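**Student:** what follows is a protein structure lacking sequence information:
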């Protein structure tokens, strides 16, 4: 395995100017389909653990998109940006050192979603990561693990959002199953509910649709259960929390605080749904425990929960008040080397996910790992000389190098284009959508044409720095691939020497076998180096030592 891509927590901590043991104050923001949320936490880096010191929420309804185009509506984008600005002001007042923001299904699916994120960055100087459904599920799992002890017993986690529902299977170790299905409380209300109170016919159609949509995820989750296992279910986020609060007011006269650990049975859930479906929206809004604007979408959300529990054979649900936002915090802690105990496995999630996809598409890992080593060696030896890219860029280069030939699984012809598609849509974990687009493009341009503005996949990178990154790292990958032309490991190592006066980069190649003249590798390098030379404005000279 390529050891040199491992995290470097000491370096990162030094960069951030924080000493080990000093408390950190971090905020996580979730741009959800129904609401925008922010959680502010104080991290005790010695334990390590975090304490929530503030929560903020605004119902913005990003999921209420234009019916014809699917675009986010201008007035809603304005409202969202105003909410984010308020979040920023609160964060500043609490001495937050960094805001980590993510966007999920509503922004992910909107044709103008990326444009919206760029507008946020331009207006507020706030970077928002667009994450896939699978990555959302992984971070929800991390959030639940930060708030509950699963005691090595199988648990099914369900998170019902405005646009999607995540189903997760895990036991406190690595998740066995992660899924995201396009059924959410806002989405389904908009598509199926026109009557108030909901009519029997609309209720029945909605119920049948939900069952059909959940069927695949439920089937795959069940396939990951071991014989005889009887998993418990954990519910997270707004819809489920609201149902629990209504149930608590109904049975106890008040809502418990915190909600974590509160239980609701399947039978009680059914009774609650039968009660709510008979009420109008205004009547539901007056029900004790009903949260702000939740009354409009609660029927669809509750039905998703009911059908999931029914299909999985679950008779009781336990609440957990931690979910995606807390998972974003845990992921940040892992990335910055602050967690090294029971969640240690998560810090290598990118590496494991890439290797899993490589195995799926039958990549020649021996060759790919050699090429990745050559690419990283080029990256490291020219850093600060020919480029200024950092750790994240290095990891994206490694991942692209491992998967650059994955497209051969589809067809050898134009396999670089197939590689782009497989990487872009492979649901790799630990990466945001921009990371995936960059990786896929780096792999796409390891051969044939250099990146061109007319290429649709290259056009999808709207940030000029991302386009520059693709051009520079794909040029490195071209040279690295040439050094294993026969895929036999003929070249053992690579040393770079740069002459500033002549702008020459000499690649000193060490053959594995001194009797091997490596003619094919040298020829391939000579064929591939033009793109690198043009990008870095250097002349490449290869010597065999």
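**Tutor:** Yep, that arrived. What you are looking at is a predicted structure, and each value in this text was computed from that prediction instead of being measured. Numbering: from 1, shown residues only.

**Student:** the closest residue to residue 265 other than its chain neighbours: neighbouring residues, count only.
**Tutor:** Among residues not flanking residue 265 along the chain, residue 316 sits closest, at 5.1 Å (CB to CB, 6 or more residues apart in numbering). Placement of C-beta: from N, CA and C, glycine included. Counted with other CB atoms under 10 Å, residues neighbouring residue 316 total 14.

**Student:** quick one, what contacts residue 357?
**Tutor:** When contacts are counted by CB atoms under 8 Å, 6 or more residues apart in numbering, residue 357 touches 403, 406, 422-423, 426, 428.

**Student:** which SSE is it in?
**Tutor:** Assigned by DSSP states H and E, residue 357 belongs to helix 349-360.

**Student:** ok so, going back, from the contacts of residue 357, list just the buried residues.
**Tutor:** Applying 16 or more other CB atoms under 10 Å to these, the neighbour count classes 403, 406, 422-423, 426, 428 as buried.

**Student:** rewinding a little: what is the mean pLDDT for the helix holding residue 357?
**Tutor:** Taken as a whole, helix 349-360 has a mean pLDDT of 84.

**Student:** give me the buried positions along it.
**Tutor:** Judged by neighbour count (16+ other CB under 10 Å), helix 349-360 contains these buried residues: 349-351, 353-355, 357-358.

**Student:** can you classify residue 37 by secondary structure?
**Tutor:** Under DSSP: H, G, I helix; E, B strand; the rest coil, the three-state class of residue 37 is strand.

**Student:** also residue 422?
**Tutor:** Applying three-state DSSP: residue 422 is helix.

**Student:** measure it to residue 538 for me?
**Tutor:** 32 Å (CB to CB, to the nearest Å).

**Student:** circling back: residue 289: which of the buried ones among the contacts of residue 357 is nearest?
**Tutor:** Distance ranking of the buried ones among the contacts of residue 357 against residue 289, using CB to CB, places residue 428 first at 39.7 Å.

**Student:** and the strands in the stretch 201-350 of the chain?
**Tutor:** In the stretch 201-350 of the chain, the segments counted as strands under DSSP state E, counting those that start in this stretch are 232-236, 263-265, 316-319.

**Student:** ok, back up a step: surely the residue nearest to residue 265 is in contact with residue 263?
**Tutor:** Yes - between residue 316 and residue 263 there is a contact under CB atoms under 8 Å: 5.7 Å.

**Student:** leaving out sequence neighbours, find the closest residue to residue 326.
**Tutor:** Residue 326 sits nearest to residue 143 (CB to CB, 6+ apart), 3.8 Å away.

**Student:** then residue 387?
**Tutor:** Among residues not flanking residue 387 along the chain, residue 472 sits closest, at 5.7 Å (CB to CB, 6+ apart).

**Student:** tell me where the stretch 351-500 of the chain has strands.
**Tutor:** Using DSSP E, counting those that start in this stretch, strands in the stretch 351-500 of the chain cover 491-499.

**Student:** gap between residue 298 and residue 234?
**Tutor:** 20 Å.

**Student:** what does residue 368 give?
**Tutor:** Taken as CB to CB, the span from residue 368 to residue 234 is 38 Å.

**Student:** counting neighbours, go ahead and name the busier of those two.
**Tutor:** residue 234 (26 against 23).

**Student:** verify the contact between the more buried one and residue 320 for me.
**Tutor:** Yes - assessed by CB under 8 Å, residue 234 is found in contact with residue 320 at 5.0 Å.

**Student:** between those two, what contacts are shared?
**Tutor:** Joint contacts of residue 234 and residue 320 (CB under 8 Å, 6+ apart) are 144, 148, 157.

**Student:** write the ChimeraX selection for whichever of those residues are buried.
**Tutor:** This is the ChimeraX syntax for the buried subset of these, where burial follows 16+ other CB under 10 Å:
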select :144,148,157
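
**Student:** show me the shared contacts of residue 234 and residue 320 that map onto helices.
**Tutor:** Within the shared contacts of residue 234 and residue 320, residues falling in helices by DSSP state H are residue 144.

**Student:** pLDDT added to the shared contacts of residue 234 and residue 320, as JSON lines?
**Tutor:** Below are the shared contacts of residue 234 and residue 320 laid out as JSON lines (pLDDT from 0 to 100):
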{"residue": "144", "pLDDT": "92"}
{"residue": "148", "pLDDT": "83"}
{"residue": "157", "pLDDT": "98"}
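
**Student:** for the shared contacts of residue 234 and residue 320, which one is nearest residue 543?
**Tutor:** Ranked by distance to residue 543 (CB to CB), these are led by residue 144 at 55.4 Å.

**Student:** related to what we said a few turns ago, who are the contact partners of the residue nearest to residue 387?
**Tutor:** Counting by CB under 8 Å, 6+ apart, residue 472 has contacts 387, 389, 535-536.

**Student:** now residue 397. Nearest residue, chain neighbours left out?
**Tutor:** That would be residue 473: by CB to CB, 6+ apart, it lies 4.8 Å from residue 397.

**Student:** the one you found reaches residue 399, doesn't it?
**Tutor:** No - using CB under 8 Å, residue 473 is not in contact with residue 399; the gap is 10.7 Å.

**Student:** residue 27 in helix, strand or coil?
**Tutor:** Per three-state DSSP, residue 27 ends up strand.

**Student:** could you report the pLDDT at it?
**Tutor:** pLDDT for residue 27: 97.

**Student:** ok, now residue 10?
**Tutor:** 28.

**Student:** count the residues that sit near residue 163.
**Tutor:** 25.

**Student:** ok so it is a strand residue?
**Tutor:** No - assessed with three-state DSSP, residue 163 is coil; it does not lie in a strand.

**Student:** which residues does it contact?
**Tutor:** 32-33, 63, 104-106, 109, 182, 184, 186-187.

**Student:** now residue 534
**Tutor:** By CB under 8 Å, 6+ apart, residue 534 lies in contact with residue 450.

**Student:** one more time with 10 Å, if that's ok
**Tutor:** Contacts here follow CB atoms under 10 Å, 6 or more residues apart in numbering; on that basis residue 534 touches 450, 471, 475.

**Student:** how much space between the second one and residue 529?
**Tutor:** Plainly put, residue 471 is 15 Å away from residue 529 if you go by CB to CB.

**Student:** cool, and the last one?
**Tutor:** Computed as CB to CB, the residue 475 to residue 529 distance reads 9 Å.

**Student:** which one's more surrounded, those two?
**Tutor:** residue 475 (26 against 21).

**Student:** which strand or helix spans the residue positioned nearest the centre of the chain?
**Tutor:** Central residue of the chain (CA atoms, centre = their mean): residue 135, 3.4 Å from the mean position. Assigned by DSSP H and E, residue 135 falls within helix 133-147.

**Student:** right, I'll leave it there.
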